[in-house]
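Asker: Sequence and predicted structure below; questions after.
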Amino acid sequence: MSAPSELLNVQIDGIWHQFQKGTRVIEACAQAGKFVPHYCYHPKLSSPGNCRMCLIEIGMPKLGPDRKPETGTDGKPLINWIPRPQISCAQDISEGMGIRTESPMVKECRNGVMEFLLINHPLDCPICDQAGECQLQEYSVEFGTAGSRFLEEKVKKPKRVEIGPRVTLDDERCILCSRCIRFMKEVAHDDVLGFVSRGSHTYLTAHPDRLLDSNYSLNTVDICPVGALTSSDFRFKMRVWFLKETKSICTSCATGCNTIIGTRQNQVFRQTPRENDAVNSAWMCDYGRLNYHYVNSTDRLQTPQIREGQELVNTTWNSALVKAGEELKQFSKDGIAVVASAKMTNEELWLTKNLTELVGTSHCDIIPRSGAADDILMSADRNPNTLGAQLIGLTGEKPGLRLKDIAEGVRSGTIKAVLALGEDLTQIGLQADELKKLASLIVLDILPTETTRSATVLLPSSAFCEKRGSMINIKGRLQRLHRATQPPGAARDDWEIVRDLIQKLTGSNGIYLIEDVFKQMTDSIPDMNGLSLSRIGDKGVQLVEETEEAPAAI
Amino acid sequence: MTQVLLFALISLIKTLGLIFLIILPMVSYTVYAERRVSAMIQDRLGPNRVGIPLTLFGLQKDIPFFGLVQPVADAVKLLLKEDFTPNHVNKFYYWLAPACAMAPSMMALAVIPFGSQLWGEPMVVANVNIGVLWVFAVSSLGVYGIVLAGWSSNSKYPFLGGIRSTSQMISYELSLALSVIPIFMICGTLNLSEIVRYQTVHGWLISPIWIKGISLFPLSINGQEIIHSFHILKIILWIPLFISFIVFTISMFAETNRLPFDLPEAETELVGGYHTEYSSMKFALFFLGEYAAMIVGSAVIVTLFFGAWHVPFLPTAIDDPYTFWGVILGLIHIAAFFVKVALLLLLFIWVRWTLPRFRYDQLMRLGWYFFIEIALVNVFIVAVILPFMRE
Amino acid sequence: MPYTVSRPKLTFSEKAYFPAIFAGLGITLRHFINILSGKKKVTMQYPEEKWDQNLPAHYRGAPTLVRDEHGRERCVACQLCEFICPPRAITIHPGEIPIEDRWRKVEKFPQEFQIDMIRCIYCGLCEEVCPEQAIFLRKDYAITGLTRQEMVHDKKKLYELGGVMTGLVHKWNDKK
């Protein structure tokens, strides 16, 4: 009964399993479907073994006088149980190991550890933002006791500490699991957190000269199993059990971190990272995470408008689209320019490409955005779908090369009509008075800009959390966006607006669903052949070979 | 020529006076009585608030009047409600149906003698010889209103209500007509006024042992006449007449769709039955029609069995109709008629709030298996007795 | 599978209906006369006569917010009542107590607390679920208004109705 060299036999709760060599005991238990409660252990971090929550019983094969494992009547090795409980998170499995996760001793250990952890923990769940997703609450219910035998006064520690610009610390709630310290050291490479004092007076703090101001600081909030580290942005905004969770991706840079958008009553309250080892491990940057507030802005464009004289007046969708169609028909091929955005989804870009081909212009491009890349997740390219725009053909190898021609064409008057999709044209150097001179400026956008104020037809569209669609990240991975909220007022999905514009030029094109658009697109782009929106799944599909050196994955 | 005009004018006055001064207020207050009596039977109080709204004019308290102004409030409410016509109905018949439900009851009133005479004028709109036939003929038209409403509403519950009402009314019309044949055999006439005159002489048909010879006004007792008017066969005749009364009354319950026979509008099964799709004044017309039919039914029962306007021990013939006492006596007769009707209406209400609804097969069984047979046998019994009474 | 329901055997008087009908008429007549003569009195003439003095201690009237004896608001905007409320009548906008405040230890308070009394079903689950004993169903039952807006009780109105409730709440104690 010898296992293949890399597989080891382990007995968990009386049943023999085989696991890869190098698996941690707690992971083996998880793979066998046995849940072991834990606080300090995190699969993406090192294991210090300091919370003691994952105590289990471990046994080693019983060796006979000949140093060979003794076998029982069933042919399986007999196990010599270690009389003390062992932690399961900091230990690898070995051949013939026995594990008990449900024995009376294990239960008593968990109970005792829970009671210890709760000795100094304040009873302020009603005001704690972690309530509802707090592992201390969950394990207390499942493994703890109802009451506390602790009669003495609880230890007082610093509360409501602004440990960083985006993180608030409550040391009384901390159970000293050190996940945040290890994250800052091992992942964010900014070893700014640490424990000070001794015994029950130990508390978490930042280095005296420093703040927890890393661009990844909010991940410590995510991994904090209790409410010690809370997000200052989300603090006291909404209880987590009200939040509707929608899987999506971050659109603040080309990395495309997988996220969960928490919404309630059509309002976005927070974004948290979703685990995807091919993209973002389990992390995301603070910049992308907090870059959603504009969605909830009261300035959002809500009604289609058309220009009458100097004024933009509200109108219906149909009349606005009819006017846009008439304006596009007026001008000849290169009199029209299309400025798209790499923040648009593939479907929208595909329809935009169709539109440019329909009017026959070669003046189309996206506006590139760049910033400083870091070595962790953030890309230099701050547009989430540059690769998609390139694949569909709205821009060239180097995005933004044609913008100069467009700007000059507008100034010289050869370009008389511009279709701006989600971009402010002042970014390509055009001033408001130059935009006002255009005979036709059709703008799709979500917030008022200099361009929307100069528009002849203004079509309010949707933000990233309000639409469905797909994007291709910098590593060539096709990922999906899901609708978490409804667009405000009469605003509509971008792809529907572009489709309707096409229909105003050609009549119906038989596209009613975003699935139809996706199908047309996959049929004509070889790299996407055979895909469908639902086939992309939650974790995305690797579409093209990586075109750029990927940022160092964790 | 003048005489014809005068006749037309007097008939018009009688008709309008009867309908607008007596029947319609009576309908309103029957509804009120229904609500109050049902409430009290169920240990409640019923509408006791609506009175004169003095607080509207700045005073401290309203005068409630036991809620007697409630019918006015109901009428205003029904008039002001939205008159909604659903899209899916057959508009013509949908609009015709409420009128068809209301009109027959009013028409049947024409032959009812609701008083002796006033200023020499007989208190009946049309003193025709086919009086009872007219009542049966016209009141059976009432079923058209319900059937039309049920059919034109183009909706399942009204349709079921319409079908139920058709079969029910047709079934009970037979026993209704058969049960009163003994009366015509005894009185020898179909003219309702003649039937009433017979009753004033020979006693009410509900209890034909009338003692002739006693008068309160002027007070006198004629012993010889008392002995002469007594006849053993009269007692025997009372049995078939009582059966006749029972069958007729119960059939009238069924004919007017009153509980325990209100299957056409059985709320618990059919929402509202035939008038489910109606609102506002059109619904009110069905409501009016139903209560008017009830009043007419009571009036017919009173006329046939309770001596109509006759008051026992009071003179029946008015010697000089133009004197003060003549007019007073005429008015007393009219009042007596409507008091009797009102008492019967109370019986209708009382029965409604006591008995549960029949099951449909039970209803049909009762009509076809029992009432028709009983009424037929009754006719034969009277036919056997009568020859012995004619001395 | 069809089966026959056994019917009770009826006597002749039962089959004839009449005895039962007259018995029924007798019962209804007795009730009618009892009420008409005033011998029996069941109905209370509501606006003139009220039951207020007899309301039991556990009566569930309008939900209200209470302050403690020092005028501090007990509610910490934990939103459990908003969560438990079956008709979703409660809306809470939580806020943070400023750092300068004397009672900053509690950290969180309701910036706005609204109960839509058109929606409220007076079930009392909010009172039951409240961990801070801040919300109580008081004895007000005649909640009326001329507009929908008027029927939404805001924080001011809720504290007005709720008044003061004394009792041990530890959250302001620095030692606890």
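Answerer: Perfect, thanks for sending it. Residues are numbered from 1 along each chain as shown, chains lettered A, B, ... in the order given.

Asker: which bits of chain C sit near chain B?
Answerer: Chain C comes close to chain B at residues C:21, C:24-25, C:27-29, C:31-32, C:34-36, C:40, C:42-43, as judged by C-beta under 8 Å from any C-beta of the partner chain. In this view, the C-beta of every residue, glycine as well, is placed from N, C-alpha and C.

Asker: So what's the residue count around residue 78?
Answerer: I'll assume chain A. 17 (other C-beta atoms under 10 Å in any protein chain shown).

Asker: nope, chain C please
Answerer: Each residue near residue C:78 was counted by other C-beta under 10 Å, and the total is 24.

Asker: That one contacts residue C:133, doesn't it?
Answerer: No: Residue C:78 lies out of contact with residue C:133 (C-beta atoms under 8 Å); the separation is 12.0 Å.

Asker: joint contacts of those two?
Answerer: Counting by C-beta atoms under 8 Å, 6 or more residues apart in numbering or on different chains, residue C:78 and residue C:133 have no shared contacts at all.

Asker: Quick check: neighbours of the strand ranked longest in chain C in the sheet, parallel or antiparallel?
Answerer: Assignment by DSSP state E gives strand C:108-116 as the longest strand of chain C. Applying DSSP bridges, strand C:108-116 is found paired with strand C:90-96 (antiparallel), strand C:152-153 (antiparallel).

Asker: after that strand, next one along is what?
Answerer: Using DSSP states H and E, the next helix or strand after strand C:108-116 towards the C-terminus is helix C:125-129.

Asker: what's the burial count for residue 42?
Answerer: You didn't say which chain, so I picked chain A. Per other C-beta under 10 Å, the neighbour tally for residue A:42 reads 17.

Asker: meant chain C actually
Answerer: 10.

Asker: mind checking the SS state of the residue nearest to it when sequence neighbours are not counted?
Answerer: Take residue C:42 and drop its neighbours on the chain: the residue closest to it by C-beta to C-beta, 6 or more residues apart in numbering or on different chains is residue B:43, 4.8 Å away. Counting by DSSP: H, G, I helix; E, B strand; the rest coil, the backbone at residue B:43 sits in coil.

Asker: pretty sure residue B:43 is touching residue C:31, no?
Answerer: Yes: counting by C-beta under 8 Å, residue B:43 touches residue C:31, with 5.9 Å between them.

Asker: picking that back up, what sits against the residue nearest to residue C:42?
Answerer: Counting by C-beta under 8 Å, 6+ apart, the residues that residue B:43 touches are C:31, C:34, C:35, C:40, C:42, C:43.

Asker: Mind doing that once more with 7 Å?
Answerer: Each residue near residue B:43 by C-beta atoms under 7 Å, 6 or more residues apart in numbering or on different chains is listed here: C:31, C:35, C:40, C:42.

Asker: Can you say which of those are buried?
Answerer: The neighbour count (16 or more other C-beta atoms under 10 Å in any protein chain shown) marks C:31, C:35 as buried among the contacts of residue B:43.

Asker: Save the contacts of residue B:43 as a markdown table, and put in distance to residue A:254 too.
Answerer: A markdown table is the format used below for those (distance: C-beta to C-beta, whole Å):
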| residue | distance to residue A:254 |
| --- | --- |
| C:31 | 83 |
| C:35 | 83 |
| C:40 | 84 |
| C:42 | 78 |
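
Asker: show me what contacts residue A:445?
Answerer: For residue A:445, the contacting residues are A:301, A:422, A:452, A:461, by C-beta under 7 Å, 6+ apart.

Asker: What's opposite it in the beta bridge?
Answerer: What pairs with residue A:445, by the bridge criterion (DSSP bridges), is residue A:460.

Asker: Please tell me how far it sits from chain B.
Answerer: To chain B, residue A:445 is 43 Å away according to C-beta to the nearest C-beta, to the nearest Å.

Asker: do the same with residue A:333
Answerer: 52 Å.

Asker: Does that residue touch residue A:361 like I think?
Answerer: Yes: between residue A:333 and residue A:361 there is a contact at 5.4 Å, judged by C-beta atoms under 7 Å.

Asker: between those two, which one's more packed in?
Answerer: Comparing residue A:333 with residue A:361 by other C-beta under 10 Å, the one with more neighbours is residue A:361, at 22 against 11.

Asker: Is that one in a helix, a strand, or coil?
Answerer: coil.

Asker: so what's it up against?
Answerer: Neighbouring residues of residue A:361 by C-beta under 7 Å, 6+ apart: A:333, A:334, A:336, A:337, A:338.

Asker: re earlier: now the longest strand of chain C: how far from the chain's centre is it?
Answerer: Put simply, strand C:108-116 sits 19 Å off its chain's centre (C-alpha atoms, centre = their mean, to the nearest Å).

Asker: and that strand, average pLDDT?
Answerer: Averaged over strand C:108-116, pLDDT sits at 93.

Asker: What of stretch B:186-204?
Answerer: On average, stretch B:186-204 scores 80.

Asker: now the end-to-end length of that stretch.
Answerer: End-to-end distance of stretch B:186-204 (C-alpha to C-alpha, to the nearest Å): 12 Å.

Asker: And the residue nearest the centre of chain C, what's its pLDDT?
Answerer: Geometric centre of chain C, nearest residue: residue C:122, 2.7 Å, by C-alpha atoms, centre = their mean. Residue C:122 carries a pLDDT score of 93 in this model.

Asker: show me what contacts the nearest residue to it once chain neighbours are set aside?
Answerer: Nearest residue to residue C:122, sequence neighbours excluded (C-beta to C-beta, 6+ apart): residue C:60, at 4.9 Å. Applying C-beta under 7 Å, 6+ apart, we find residue C:60 in contact with C:122, C:124, C:137.

Asker: Quickly find the element holding residue C:60.
Answerer: Here residue C:60 is assigned to no helix or strand, by DSSP H and E.

Asker: Repeat that for residue A:495.
Answerer: helix A:494-506.

Asker: Show the average pLDDT along that helix.
Answerer: The average pLDDT for helix A:494-506 rounds to 91.

Asker: One more: stretch A:386-400?
Answerer: Taken as a whole, stretch A:386-400 carries a mean pLDDT of 89.

Asker: Stretch A:20-27 now?
Answerer: Computed over stretch A:20-27, the average pLDDT equals 91.

Asker: buried sites along it?
Answerer: So, applying 16+ other C-beta under 10 Å, buried residues of stretch A:20-27: A:23, A:24, A:25, A:26, A:27.

Asker: which of the residues you listed lies closest to chain C?
Answerer: Nearest to chain C, judged by C-beta to the nearest C-beta, of these is residue A:26 at 33.1 Å.

Asker: show me the contacts for the residue nearest the centre of chain A.
Answerer: Closest residue to the average C-alpha location of chain A: residue A:259 at 2.2 Å, with C-alpha atoms, centre = their mean. Residue A:259 is in contact with A:248, A:249, A:250, A:271, A:272, A:273, A:274, A:284, counting by C-beta under 7 Å, 6+ apart.

Asker: which of the residues you listed come close to chain C?
Answerer: Among those, no residue lies close to chain C (C-beta under 7 Å from any C-beta of the partner chain).

Asker: Just these: which are in strands?
Answerer: Using DSSP E, those in strands are A:248, A:249, A:271, A:272, A:273.

Asker: ok so, going back, just among the contacts of residue A:361, which is most surrounded?
Answerer: Busiest of the contacts of residue A:361 [other C-beta under 10 Å] is residue A:337, holding 29 neighbours.

Asker: Count the neighbours of the nearest residue to it once chain neighbours are set aside for me.
Answerer: What sits nearest to residue A:337 in space, not counting adjacent residues and going by C-beta to C-beta, 6+ apart, is residue A:363, at 3.8 Å. A count of nearby residues for residue A:363, using other C-beta under 10 Å, gives 23.
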